[in-house]
Every structure is written in C-alpha cells, then in structure tokens.
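> quick one, fold the following:
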Amino acid sequence: MTLESFKKLALETSPEVREARELYEASDKAYKGQLAASVLPTLAFTGQTYPYGHNPADGYRFQTWRLNRNDMNFNTTANLNLFNSFQDVQKTRYSSLSRGSAQSGFEAARQDRAFSAIQTFFDLDSKSQLLEVARQNLDAQQEQYQQTLDLHHNGMKSLSDLLKSETDWRSSELRLVSAQAEQKAALVRFNLLIDRPGSQPALLQADLATGTTDLPRVEADLALALTRRPEVSRVRKEFERSAVALEQAAQGLLPTFSANAVWNRSDAATFGRPAAASTVPNPNYQVGLTLALPFNFNVVTQAFSYAGARADKRRARSAVDAALRLVRQDVHGAFINLERATLSYGISLKKEDIARRNLDLINGQYRQGSADVIHLAQAQTDFLNAQVERTLALHDIFINRALYKRAVGEPLW
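Next up, the predicted model:
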C-alpha cells in the first residue's frame, strides 16, 4: 500500500470527514432554500366543501352526503415579496456564511485526517524498519556469542567475556521483543484508521527519497497561511455571520416596511344556482405596502437580543485573533521541527557511517584478541543507536514536511 492509496482510504472511511461533509451539504441545501425563498413567489391553493350536515356556505342548510363540484369553494393566491426592509437579504447572507463556515470545517477535517494518515503510515514504516534493525542486531549478537564461545574454548577469552557476550545477546532479544510490540501497536493504529482488522498484515511501499532539502521561506508561507488555512477561514466566516446577526438584531428594534405583489382568484360554491353577481374583480391583483413593528415587540426583548448579538460579535472577533496567533505559532513550530529533522538526518548518516567503520575495526581486533568484549559491545551499541537515529530522522523529515504543509494551509489529500 502506498501513502496516496492509504490517505484515500483513510479519508473515505473517516467518520469525522463524513460528518463534516454532511454538515456542509446540509448548510448548502439550507442556503439554496433560503435563496429560493427570498426571490421566488409563493403559491397558496385551498379547496373547501361540507359534504354532510349544516353547510355554513349555504346558509346552514342541512344536506346529506353530497360532493358536487358546484358545492366547493376554491381559492388560489400568488404572492411575491418585493421588499421587506432587507430581511430576506440578511437571512440569505447569514445562510451563505453558515455554508462557508461548514465548508471550511469540511476542509479542516480532511486536512486533519490526511495528516493523521501520513503520520500513521510513516510511523508503521519506521517501526517496521526498526524491527528489522533489532533482528539484525540480534543476529550480530548471536554471532558474537558463538565467536566468543569458540575463543573461550581456545583459551583466548575469559569466562567474564563469555558472560558479557551472552548478556548482550539477551539484551538484543529484549530489544527485539520491544520492537515487535511497537510494530504491532503501529499496525493496529494503521488498520483501525481504514476500518480493517487490527492485526491484519500491511505491506507498505514507502518512497523514502528525501528530495530537495532546501528549507521553505517562513515569512512568505506565513502570509499565505493567514489566508488559506481552513481554520482561519472558518472563524472569519463565523465573525462575518455574527456581524450579520447583529444587524438582524438591530432590525428587530425598528419597524418593518414591506411591499408585496398579490394575485388572487376565488371560485365560490353555487349549489346548483347561478353565481351571484359580484363587484370584486376575479381574479384580482394589487401591490400592498405595510409598515409594522416587529412581531412580539416590547423593546426590552429586542434590546437584550441586540446586546447579546454584540457580545457574540466580540467573541467571534477574539476567536479570529486567537486563530491567527495559532497559525503563526504552528508555522514557526513546524518550520523548526522540519529544520531539525533535516539537519538531524544529515548528521545521522555520517554518524552511522562512522559507527559502522568503527564496528568493523573493533570486530577485526576482537577476533585477533587485541580488543576486549567491552569495546566490542560499545561499538555494537553505537552502531545500533546510529541506525535507529537515522531511521527516525528520515521518517521525521516526511512527517514534519507534511506538518509544515498543513500549517501553511497546503492541501494534503
């Protein structure tokens, strides 16, 4: 499994991503519904009849079961709001900002899950490589023990050297047990992220070519991060939405002026008689102007609503400031970690090469009897530590590079 295929599976199976996607789709549908409600006319249709009993439409004359067309009243009304003191405009803006906030939340959820997938993938790969290093170390310690045993039988090494070699051998076995447990734990995290059985084996195809080692430009990337990080975009949408809510609360303190265009047609029941003459045009239509106080107006309720909206706007402003501060901290922190991983990897390569050469040298001296087991054990430990440090530093480069991309708002999926 490659990193890209694992990220794709992790995003597809993530309940957090699905939840964020559904929230965005729900807010998108709500916005489209509000937009339609603000620009489209409404249509009302009613039909009424009294098939049994005293009929109010016919002077309360009693009638048995009867359901004729001329016993029914029909009314059709079309209404188009032309103006309502910008209330529909504000509702549409609020809904649009809610949709934008949900979209940013969806992008943030994908970023989080993609980074978690990258971290988990390289963690399992590093634990698998460290397990292989532990196996190689165990083989080397077993070989050293057999060599020491032969030298002891020939009188070239003391019993103390032999016991020291066996102790190092057992220590290698303990390291192998620990490495196996860590690899299994990493495998469980890997599988659970894509909804597979925890112990199911995974064969990874990791591209560990470090590529360019040039470090990014923090200041330029920081300016981009402040505009494209989904977390920042989300809190900014929330702030704009709180500003709209404040304007709506202010509208609640003022009378509402509205204009409506109405078309109406009525068909009255005749009960078999000729329809009565009427001076009312049918259909009829008009444009009506209305000036009214808000519903349930008592000043105090509206004043408290306005004060609450102002407090929420201040809260949203503080959330924006906190998010911008967090972005700056994330970018600088990610850069420092990436710089450290890059420098550490270069040093660990040199350290591993030196430790390998020293181990080869001590091994030759040990076989000749000119080096004791303490020096050999130290050389083997140095080489083991150098291998571990190089493996961890290499994987840290990829993890911290992804962390930096996430910090500056570059999509990881």
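> contacts and neighbour counts: CA atoms only from here.
OK.
> pretty sure L138 is touching L176, no?
Yes - contact criterion C-alpha atoms under 8 Å: L138 and L176 qualify, at 7.5 Å.
> which SSE is immediately downstream of the host helix or strand of D139?
D139 is part of helix 87-153, with elements assigned from DSSP states H and E. Downstream of helix 87-153, the next assigned helix or strand under DSSP H and E is helix 159-192.
> the next helix or strand after that next one packs against which elements?
Toward the C-terminus, helix 159-192 is succeeded by helix 218-228 as the next helix or strand (DSSP H and E). Contacting helix 218-228 under the criterion 3 or more C-alpha pairs under 8 Å, 6 or more residues apart in numbering; DSSP states H and E are the following elements: helix 300-368, helix 373-408.
> any idea of the angle helix 218-228 forms with helix 300-368?
140 degrees (axes from the mean of the first three to the mean of the last three C-alpha atoms, to 10 degrees).
> what residues of helix 218-228 count as buried?
Neighbour counts over helix 218-228 (16 or more other C-alpha atoms under 10 Å) mark 218, 221-222, 225-226, 228 as buried.
> could you identify the helix or strand that succeeds it?
Assigned by DSSP H and E, the successor of helix 218-228 is helix 230-251.
> pull that following helix out as PDB, backbone CA atoms only.
Output of helix 230-251 as PDB, limited to C-alpha atoms (Å, rounded to 0.1, in the frame of the first residue of the first chain):
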ATOM      1  CA  PRO A 230      -9.400  26.400   6.700                       C
ATOM      2  CA  GLU A 231      -9.400  27.100  10.400                       C
ATOM      3  CA  VAL A 232      -8.800  30.800   9.800                       C
ATOM      4  CA  SER A 233     -11.400  30.900   7.000                       C
ATOM      5  CA  ARG A 234     -13.900  29.300   9.300                       C
ATOM      6  CA  VAL A 235     -13.600  31.700  12.200                       C
ATOM      7  CA  ARG A 236     -13.600  34.600   9.800                       C
ATOM      8  CA  LYS A 237     -16.900  33.300   8.400                       C
ATOM      9  CA  GLU A 238     -18.200  33.000  11.900                       C
ATOM     10  CA  PHE A 239     -17.200  36.600  12.600                       C
ATOM     11  CA  GLU A 240     -19.000  37.800   9.500                       C
ATOM     12  CA  ARG A 241     -22.000  35.800  10.500                       C
ATOM     13  CA  SER A 242     -22.100  37.300  13.900                       C
ATOM     14  CA  ALA A 243     -21.900  40.800  12.300                       C
ATOM     15  CA  VAL A 244     -25.000  39.900  10.200                       C
ATOM     16  CA  ALA A 245     -26.700  38.600  13.300                       C
ATOM     17  CA  LEU A 246     -26.000  41.900  15.000                       C
ATOM     18  CA  GLU A 247     -27.600  43.700  12.000                       C
ATOM     19  CA  GLN A 248     -30.600  41.500  12.200                       C
ATOM     20  CA  ALA A 249     -30.900  42.200  15.900                       C
ATOM     21  CA  ALA A 250     -30.800  46.000  15.100                       C
ATOM     22  CA  GLN A 251     -33.600  45.400  12.600                       C
END
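> name the helices or strands packed onto that helix?
helix 87-153, helix 300-368.
> in a markdown table: those helices, plus mean neighbour count, mean pLDDT and distance to A292.
Formatted as a markdown table, those follow (neighbours: other C-alpha atoms under 10 Å; pLDDT from 0 to 100; distance: least, C-alpha to C-alpha, whole Å):
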| stretch | mean neighbour count | mean pLDDT | distance to A292 |
| --- | --- | --- | --- |
| helix 87-153 | 21 | 94 | 13 |
| helix 300-368 | 17 | 94 | 15 |
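> and of those helices, who's closest to T64?
helix 87-153 (48.6 Å; C-alpha to C-alpha).
> just want the angle from the closest one to helix 300-368.
Using the same axes, to 10 degrees: helix 87-153 against helix 300-368 is 20 degrees.
> relative to the whole chain's centre, how far out is helix 87-153?
Here helix 87-153 shows a centroid-to-chain-centroid distance of 16 Å under the convention C-alpha atoms, centre = their mean, to the nearest Å.
> what kind of secondary structure is W263 in?
strand (DSSP: H, G, I helix; E, B strand; the rest coil).
> give the contact list for it.
For W263, the contacting residues are 77-79, 283-286, by C-alpha atoms under 8 Å, 6 or more residues apart in numbering.
> before we move on, what about W413?
7-8, 110-111, 114.
> switch the residues you listed over to TSV; also include distance to S126.
Shown next, in TSV, are the contacts of W413 (distance: C-alpha to C-alpha, whole Å):
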residue	distance to S126
K7	17
K8	21
R110	24
Q111	22
A114	18
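> farthest-separated two in these?
The widest separation within the contacts of W413 (C-alpha to C-alpha) is 12.0 Å, between K8 and Q111.
> only the buried subset of the contacts of W263, as a ChimeraX command please.
Here is the ChimeraX command that picks out the buried ones among the contacts of W263, judged by 16+ other C-alpha under 10 Å:
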select :77,79
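> now, which of the contacts of W263 lie within strands?
Using DSSP state E, 77-79, 284-286 are the members of the contacts of W263 that sit in strands.
> hang on, the earlier thing: so for I118, which of the helices and strands packed on helix 218-228 sits nearest?
helix 373-408 (6.8 Å).
> buried sites along that closest one?
Buried residues in helix 373-408 (16+ other C-alpha under 10 Å): 373, 376-377, 379-408.
> centroid-nearest residue for the protein?
What sits nearest the mean C-alpha location of the chain, by C-alpha atoms, centre = their mean, is A109, with 0.5 Å.
> if I read this right, that one contacts E16, doesn't it?
Yes - here A109 reaches E16: they are 6.6 Å apart, a contact under C-alpha under 8 Å.
> which one of the buried residues of helix 218-228 is nearest to Y94?
Using C-alpha to C-alpha, these come closest to Y94 at R228, 21.5 Å.
> contacting residues for the residue lying closest to L338 once chain neighbours are set aside?
With sequence-adjacent residues excluded and distances taken as C-alpha to C-alpha, 6 or more residues apart in numbering, L338 is closest to N400, at 5.1 Å. Residues in contact with N400, defined by C-alpha under 8 Å, 6+ apart, are 334, 337-338, 341.
> same list, the residues you listed, but as TSV with distance to T42 please.
Converted to TSV, the contacts of N400 look like this (distance: C-alpha to C-alpha, whole Å):
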residue	distance to T42
A334	55
N337	59
L338	59
A341	63
